[in-house]
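[1] next input, structure requested:
(2 chains)
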There are 2 protein chains.
Amino acid sequence: MISVPDSSMSAIDDAVRAAMSKLACRALPRGASALALIDAATRAAAGGKRFRPALVVAAFEAFGGDADSTPGLWDVAAAFELLHTAFVIHDDLIDRDTERRGEPNVGGTFRARARAHGIDEPEAGRIGDAAAVLAGDILLYEATRLVAMADVPAAVRSALFSLLDDAVLVSALGELADVEQAMTPDEPDTAHLLSTAHDKTAVYSFCAPLAAGAALAGADEGDRALLIAAGADLGLAFQLVDDLIGTFGDEKQAGRISGADLREAKRTPLIALARDSAAWPQVSTALALAPTGPVAIQAAQRELDASGARERLVTLIGHTLGSVRRRIAELPDPPRTLIEDITTAIEGRIP
Amino acid sequence: MISVPDSSMSAIDDAVRAAMSKLACRALPRGASALALIDAATRAAAGGKRFRPALVVAAFEAFGGDADSTPGLWDVAAAFELLHTAFVIHDDLIDRDTERRGEPNVGGTFRARARAHGIDEPEAGRIGDAAAVLAGDILLYEATRLVAMADVPAAVRSALFSLLDDAVLVSALGELADVEQAMTPDEPDTAHLLSTAHDKTAVYSFCAPLAAGAALAGADEGDRALLIAAGADLGLAFQLVDDLIGTFGDEKQAGRISGADLREAKRTPLIALARDSAAWPQVSTALALAPTGPVAIQAAQRELDASGARERLVTLIGHTLGSVRRRIAELPDPPRTLIEDITTAIEGRIP
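    Purely as a prediction, here's the structure:
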């Protein structure tokens, strides 16, 4: 979605690895379980696309930042990866998922480890849950301390913490809303689903990394505010495109079976839009059958398409990205081009 | 256990309240659930004895710190209360507890709230768990950011983060060990139980608050290292006395039924010491019956006493506190008197 030089991606990886290695060294004298916890957390933090750190670095470079004279850059970038990893670990716990990308996650690893030590269910599950709670806590703390101790001027640290404050609080509240909306007997309306989609992702994945990179490069408050506003729209659009991919994307694009969101009966803004359409009775019947198999998923995809909900969501994404383009007209270049490129990349993912 | 002027206790309360009020203001526009989460977290952070912040302030004053010229003091003190609250919320989640001090905790509050909104079990339980994960995350972050943004010199902030690093990592690893030891088929040995007792509590409750107060007052590294070493012994002794109270203390001292640890069949160092005694067959039989009622609990108390385990644990506590007294001989006064007073207070709690 954004292109960052290989040398920068290596520097990000190095900073993530350095933080995790230090944790492993400190855990080492505390026994096998301690080391296994840091090891599981390290694996959770490895292999991602480093999307958020890359945004930090891209914004930093777009605002003319000089990496050689900003030693704190890589720690701040790495902090966003560890923050993301902490959220992923705690989200998996909340969703009762024991795998991620086909591999056991932190909870799954410790559950299997407990079983191997002769511990039965449900105790093994409780140990898995404990490991997930604690690994997430360690990474959330580590992300925050990386920013706190990054070698940056006091004013920049203060700006970074304003961003982190929102990244943590808004994401946590968005996650809570997401869980509640999945389980409430009343069907949540489109407006609530949209605000939850924003809160869960936009602030910590777009607004905060972009504005953090800008702050590190010395961008003024006005430009940072523009980035935060643009990031809110980018994050919402990104999430809505993700919903489209989870519903209509093919296996290759979705990275899982086509229509996985339909199989899981996820309550997305797309479904809420269909509910507002005249075709809801047919859609509703098709959705109820979708979890039964691939043929029923295809039927639900057709009905959602025919209801006009897909088109309405694409229009909404278009409006949201249009708002990004209007906002950034005031930004200087190259930051404007950076945001324009991200906007185009999100548009290009629409299935 | 320690006496801190009322005005200091008020200042600590004010700092905790200020942090939670700011969170509530920021959550307000995000709806009823968001506000309910901060409200539940605020109640979790209220009403405690403020033991850790009081240690920060007592150490600060003992080292001649001047509160008027150290504006960051109260935020750092409050941070230790929020860190403690975050740990308590996540410990309750791990232990599947939905109450604390007879009131619904964060998870219990959200479980009840979900039921009131027509959500059945187990979904209500999952919402309760999500709320506990997220409230703990918010408080853990808030504690860390309070220290990061406290108005203190850079060298002091760096010293504070070294302490927090250990407080978070060692406590998390201690909690993991505690959960695993409670569930493993093999009975854990005394050495492991003692190191877990230390790790779970000593660093974040004694070492870090004492050394943080000293660092804020400008104490040198040698004195801070002495406090950390003394804190490790104080914390272990405190935890062992707590085990004695949970086993032998009367209802008034324990704040719950006498012998509650026996009813819950907790694996404590006391039990491990009894296992090493010749009387273990009798103790073991009595312990197996203890969960059945008060008469069986009394019988288990008698057998534990007769096995010599109680006396051996009291001796161990005496050695541990003796080691504190030896260590602090090198400390200047009044810090030495402060630690001496804490040592005496812990000794005085032995039932």
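
[2] which neighbouring elements make contact with the longest helix seen in chain A?
    Longest helix in chain A, counting residues (DSSP state H): helix A:154-183. When contacts are defined as 3 or more C-beta pairs under 8 Å, 6 or more residues apart in numbering or on different chains; DSSP states H and E, helix A:154-183 sits against helix A:73-94, helix A:123-149, helix A:190-202, helix A:208-216, helix B:6-27, helix B:32-45, helix B:123-149. The C-beta positions use only the backbone N, C-alpha and C, and glycine is treated the same way.

[3] out of the ones you listed, which is closest to B:Thr292?
    B:Thr292 lies closest to helix A:123-149 among the helices and strands packed on helix A:154-183, at 22.0 Å (C-beta to C-beta).

[4] just the angle between the closest one and helix A:73-94, please?
    Between helix A:123-149 and helix A:73-94, the angle comes out at 160 degrees (axes from the mean of the first three to the mean of the last three C-alpha atoms, to 10 degrees).

[5] rewinding a little: could you dump the helices and strands packed on helix A:154-183 into CSV with mean pLDDT and mean neighbour count added?
    Formatted as CSV, the helices and strands packed on helix A:154-183 follow (pLDDT from 0 to 100; neighbours: other C-beta atoms under 10 Å in any protein chain shown):
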stretch, mean pLDDT, mean neighbour count
helix A:73-94, 98, 26
helix A:123-149, 98, 25
helix A:190-202, 94, 21
helix A:208-216, 98, 30
helix B:6-27, 97, 17
helix B:32-45, 97, 21
helix B:123-149, 98, 25
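
[6] which stretch among the ones you listed approaches B:Asp276 most closely?
    Of all the helices and strands packed on helix A:154-183, helix A:123-149 sits nearest to B:Asp276, with 25.4 Å by C-beta to C-beta.

[7] can you name the residue of chain A nearest to chain B?
    Residue of chain A nearest chain B, by C-beta to the nearest C-beta: A:Ala148 (3.5 Å).

[8] that residue and B:Arg157 touch, don't they?
    Yes - using C-beta atoms under 8 Å, A:Ala148 is in contact with B:Arg157, at 7.3 Å.

[9] now do the shared contacts for these two.
    Common neighbours of A:Ala148 and B:Arg157, counting by C-beta atoms under 8 Å, 6 or more residues apart in numbering or on different chains, are B:147-148.

[10] once you drop chain neighbours, what's closest to A:Glu251?
    Excluding its sequence neighbours, the residue lying closest to A:Glu251 (C-beta to C-beta, 6 or more residues apart in numbering or on different chains) is A:Ser258, at 5.3 Å.

[11] run through the residues that contact that neighbour.
    Listed by C-beta under 8 Å, 6+ apart, the contact set of A:Ser258 reads A:248-251, A:294, A:297, A:301.

[12] ok, A:Arg113 next?
    So, once contact is read as C-beta under 8 Å, 6+ apart, A:Arg113 ends up touching A:36, A:127.

[13] for my notes, confirm it occurs in a helix.
    Yes - according to DSSP: H, G, I helix; E, B strand; the rest coil, the state of A:Arg113 is that of a helix.

[14] and the gap between it and A:Asp120?
    Using C-beta to C-beta, to the nearest Å, A:Arg113 is found at 14 Å from A:Asp120.

[15] and what of A:Ala54?
    Distance from A:Ala54 to A:Asp120, by C-beta to C-beta: 44 Å.

[16] who has more neighbours out of these two?
    A:Ala54 (22 against 11; other C-beta atoms under 10 Å in any protein chain shown).

[17] hmm, that one is touching A:Ile2, no?
    Yes - assessed by C-beta under 8 Å, A:Ala54 is found in contact with A:Ile2 at 5.8 Å.

[18] A:Val88 touches A:Ala44, doesn't it?
    Yes - counting by C-beta under 8 Å, A:Ala44 is a contact partner of A:Val88 at 6.7 Å.

[19] overlap in contacts of those two?
    Counting by C-beta under 8 Å, 6+ apart, the common neighbours of A:Val88 and A:Ala44 are A:Arg100.

[20] could you give the mean pLDDT of the helix or strand hosting A:Arg302?
    According to DSSP states H and E, A:Arg302 maps onto helix A:294-306. Mean per-residue pLDDT for helix A:294-306: 95.

[21] contacts for it next, please.
    Outside helix A:294-306, the residues touching it (C-beta under 8 Å, 6+ apart) are A:247-248, A:257-259, A:262-263, A:270-271, A:274, A:279, A:282-283, A:285-287, A:289-290, A:310.

[22] quick check, A:Gln253 in contact with A:Ile245.
    Yes - the pair A:Gln253 and A:Ile245 passes the contact test of C-beta under 8 Å, sitting 5.6 Å apart.
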